[in-house]
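Asker: coordinates only, sequence not included:
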C-alpha cells in the first residue's frame, strides 16, 4: 500500500476522536502554513477517506493529514512534531497505545480479544472504534519497528478494510455517475406510481417537493423532531437547491433495492411500502442535501485558503520586479502593479489588526455588561426543596473570589471549582461535567479562553449575571428546570 494512502487512514482514525481536537489545533498552529501546504497539495486532500465524515471530522482530518505528510516529507527535522503526534495518539487511543508499548510482538487477534473483553463484549464496540483502533495499532507497530504477527485479523484489516476502502474511494465518482445515469422512469410508470402515491395523500411527479411535504401526515410525524434541535423543517427544505427529479430518484432507489433484477409488472408493487419509502427517503435526501451544501459552503469559505492567496500575491510581485529589471519600458506598469499588491497586503494586515482589536473590545464590553448588573437588587433565597436539587448537580464553576466560591460550595457539594490563576487546570474536569458556569467579575482572559476552547459538544456554558449568592443559586436552578 502506498505510504500516503496509509497516512490517510491514520489521519481519519485520529480525527474520529473529538477529545484530541484541542491538541491537534495546538500542533497545527506551530507550523500552520507548511502543514496546510502539505495537505492541500496532496491528492488525498479531497479523497473520500478524508472527506466523507462530518464538517468537524473533515476539518481535523485535513489538519492531521497535513501534519503527518509534513513529517513524512521532512524526516531529517521532525522530532518535535513526531513527539507531538505520539502525545496526540496516546491521548486519543490510550488503550491501543498501552498495548503497543508493552509488547515487542504485536498480535492483532490477541489485541482484538483483549479489547472486546475490556469493552464487555463486541456489541459495545462501534465499527469506527474497532477499525480505527486496529489502524492505530498498525501505525504504532510499524512506527516503532515491532514484530507484527500477520494473522487473520491483520489480513482482514489490510485486504478487506483498507484495500476495499481505497477501491471504493477511487470509484466514488463513477458510483455517483452511475446513479445519475440510471434510465428515467417512463411516462406510463410515472402515472401508475403517482396514482399509488396520491391514494395516501403523498406527492406526485408534477408538483414541487416543498409544496407537498407540509400536507403529508407521515412528514408531519417527523417534523416534531426538528423542534428538539431547534430548526425549521420548512426553511431547511426550501433553502436547499430545488431538484425537480427528487421524487423520481427516491422511487428509483426503492425499485433498484427492492427489485434488483427488474420488475415485470409495476402494478404488483407494494403501494404502502413504496409510499413510506418515498416519504422517508425524500426527507433523508433533503437532509443530506442540506448538510452537504453547508459543508461545501464551509470549506469554500475556509480562511485556510488565505495562506495560498498570500503566496500568490508574493509570486506576482516577484515576477513584476524581475520584469522591471529586464525591461525599462514596462517599469511604470510593473511598479504600479507592485504598489497595488503592497497596498492590498497592508490593507489586509490592517483589517486583521482591527479584527483582533475588536475581539479585545468585545471581551471588555462583555465584562462591562456584567458589571453593570445591579448588585443591590433584592433576590430571594430559593426554597430549601429547590436548593436540594443542586446537591447532585454536575457543574464546574470558574472564576470568582475565594470567599464567593466558599459560599457557593455549600450548595454545590459535588461541584468542581476552578479559581483564578489555575489556568493550567485539567480540561477533563470540564468534559466530566455537563454544566460550566463562569463568574466574569473575577476571571482572567487567559483562564476564560482556556475554558471556552476546551469545551466539548456535551458541555453547556452559562454566565453568572450577578455576584450575589441568591442570584447565582437562582441561575443554577434555572438551567435544571429548562
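Answerer: Yep, it's here. Keep in mind that this is a model prediction, so the values were computed, not measured.
Asker: pLDDT-wise, which helix or strand of the chain ranks last?
Answerer: Every helix and strand in the chain was compared by mean pLDDT, DSSP states H and E; the lowest is helix 172-180, with a mean of 47.
Asker: Tell me where this protein has strands.
Answerer: 105-107, 147-149, 395-399, 416-418, 435-439, 460-463 (DSSP state E).
Asker: Direction included, what does the second one pair up with?
Answerer: In the sheet containing strand 147-149, its partner strands are strand 105-107 (parallel), by DSSP bridges.
Asker: Now do the strand it pairs with, average pLDDT.
Answerer: Across strand 105-107, the average pLDDT comes to 91.
Asker: Can you list the buried residues in that strand?
Answerer: By 16 or more other C-beta atoms under 10 Å, the buried positions in strand 105-107 come out as 106-107. Any C-beta I mention is one placed from the backbone N, CA and C, and that applies to glycine too.
Asker: And the residue nearest the centre of the chain, how close does it get to residue 128?
Answerer: Nearest residue to the geometric centre of the chain (C-alpha atoms, centre = their mean): residue 56, 1.4 Å. According to C-beta to C-beta, to the nearest Å, residue 56 stands 14 Å off from residue 128.
Asker: likewise residue 246?
Answerer: Counting by C-beta to C-beta - residue 246 and residue 128 are separated by 30 Å.
Asker: quick revisit: just send the strands of the chain back as TSV, with distance to residue 277 too.
Answerer: Formatted as TSV, the strands of the chain follow (distance: least, C-beta to C-beta, whole Å):
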stretch	distance to residue 277
strand 105-107	46
strand 147-149	46
strand 395-399	46
strand 416-418	49
strand 435-439	42
strand 460-463	38
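Asker: Go through those strands and name the closest to residue 192.
Answerer: strand 460-463 (52.0 Å; C-beta to C-beta).
Asker: and that closest one, which strands flank it?
Answerer: Sheet pairing for strand 460-463, using DSSP bridges, gives strand 435-439 (parallel).
Asker: Hey, what's the angle from the partner strand to strand 395-399? Just curious.
Answerer: With axes from the mean of the first three to the mean of the last three C-alpha atoms, to 10 degrees applied, the angle from strand 435-439 to strand 395-399 works out at 20 degrees.
Asker: starting at the chain centroid, how far to strand 435-439?
Answerer: 24 Å (C-alpha atoms, centre = their mean, to the nearest Å).
Asker: I'd like the average pLDDT over that strand.
Answerer: 92.
Asker: what's next to that strand, contact-wise?
Answerer: By C-beta atoms under 8 Å, 6 or more residues apart in numbering, the residues outside strand 435-439 that reach it are 393-400, 404, 430, 448, 451, 455, 459-464, 467, 472, 475-476, 479.
Asker: And for the residue nearest to the centre of the chain, nearest residue in space, chain neighbours not counted?
Answerer: In this structure, residue 56 finds its nearest non-sequential neighbour in residue 18, 7.1 Å apart by C-beta to C-beta, 6 or more residues apart in numbering.
Asker: Report how many residues lie close to that neighbour.
Answerer: Counted with other C-beta atoms under 10 Å, the neighbours of residue 18 add up to 15.
Asker: Wait, it touches residue 458, no?
Answerer: No - at 9.7 Å, residue 18 does not count as touching residue 458 under the criterion of C-beta atoms under 8 Å.
Asker: what about the chain, any weak spots by pLDDT?
Answerer: Regions of the chain meeting the criterion pLDDT under 70 cover residues 1-4, 167-188, 196-224, 226-244, 261-264, 301-312, 353-382, 482.
Asker: Domain parsing of it, as residue ranges.
Answerer: What automatic domain parsing lists as the domains of the chain is 3-173, 187-300, 306-371, 384-481.
Asker: related to what we said a few turns ago, let me know which of the strands of the chain is tucked in deepest.
Answerer: Burial of these is given as mean neighbour count (mean count of other C-beta atoms under 10 Å); strand 395-399 ranks first at a mean of 24.
Asker: Packing partners of that strand?
Answerer: strand 416-418, strand 435-439, helix 445-454 (3 or more C-beta pairs under 8 Å, 6 or more residues apart in numbering; DSSP states H and E).
Asker: Tell me which of these lies nearest to residue 112.
Answerer: Residue 112 sits nearest to helix 445-454 of all the helices and strands packed on strand 395-399, at 32.7 Å, using C-beta to C-beta.
Asker: For the closest one, which residues meet the burial criterion?
Answerer: Neighbour counts using 16+ other C-beta under 10 Å place 447-448, 450-451, 454 of helix 445-454 among the buried residues.
Asker: Please apply the same query to stretch 147-161.
Answerer: Under 16+ other C-beta under 10 Å, the buried positions of stretch 147-161 are 153-154, 156-157, 161.
Asker: can you give me the end-to-end distance of that stretch?
Answerer: With C-alpha to C-alpha, to the nearest Å as the measure, stretch 147-161 spans 21 Å from end to end.
Asker: before we move on, what about stretch 418-437?
Answerer: Length of stretch 418-437, first residue to last, C-alpha to C-alpha: 10 Å.
Asker: distance between that stretch and the chain's centre?
Answerer: When distances are taken as C-alpha atoms, centre = their mean, stretch 418-437 is centred 23 Å away from the chain's centroid.
Asker: coming back round to it: so which of the strands of the chain is nearest residue 318?
Answerer: Using C-beta to C-beta, the nearest of the strands of the chain to residue 318 is strand 460-463, at 46.8 Å.
Asker: Give the closest residue to residue 68 in space, chain neighbours not counted.
Answerer: The nearest residue in space to residue 68 (C-beta to C-beta, 6+ apart) is residue 7, at 4.8 Å.
Asker: Can you tell me how far that neighbour is from residue 17?
Answerer: Residue 7 is 17 Å from residue 17, by C-beta to C-beta.
Asker: With residue 125 instead?
Answerer: In terms of C-beta to C-beta, residue 125 sits 14 Å off from residue 17.
Asker: Residue 10 now?
Answerer: Taking C-beta to C-beta, one finds residue 10 at 12 Å from residue 17.
Asker: Which one's more surrounded, these two?
Answerer: Higher neighbour count among residue 10 and residue 17: residue 10, with 22 against 19, using other C-beta under 10 Å.
Asker: Chain neighbours aside, what residue packs nearest to that one?
Answerer: In this structure, residue 10 finds its nearest non-sequential neighbour in residue 139, 4.9 Å apart by C-beta to C-beta, 6+ apart.
Asker: wouldn't the one you found be in contact with residue 12 here?
Answerer: No - contact between residue 139 and residue 12 fails when scored by C-beta under 8 Å: they sit 11.4 Å apart.
Asker: and these two? which has more neighbours close in?
Answerer: It is residue 12, of residue 139 and residue 12, that has more neighbours when counted by other C-beta under 10 Å, with 27 against 22.
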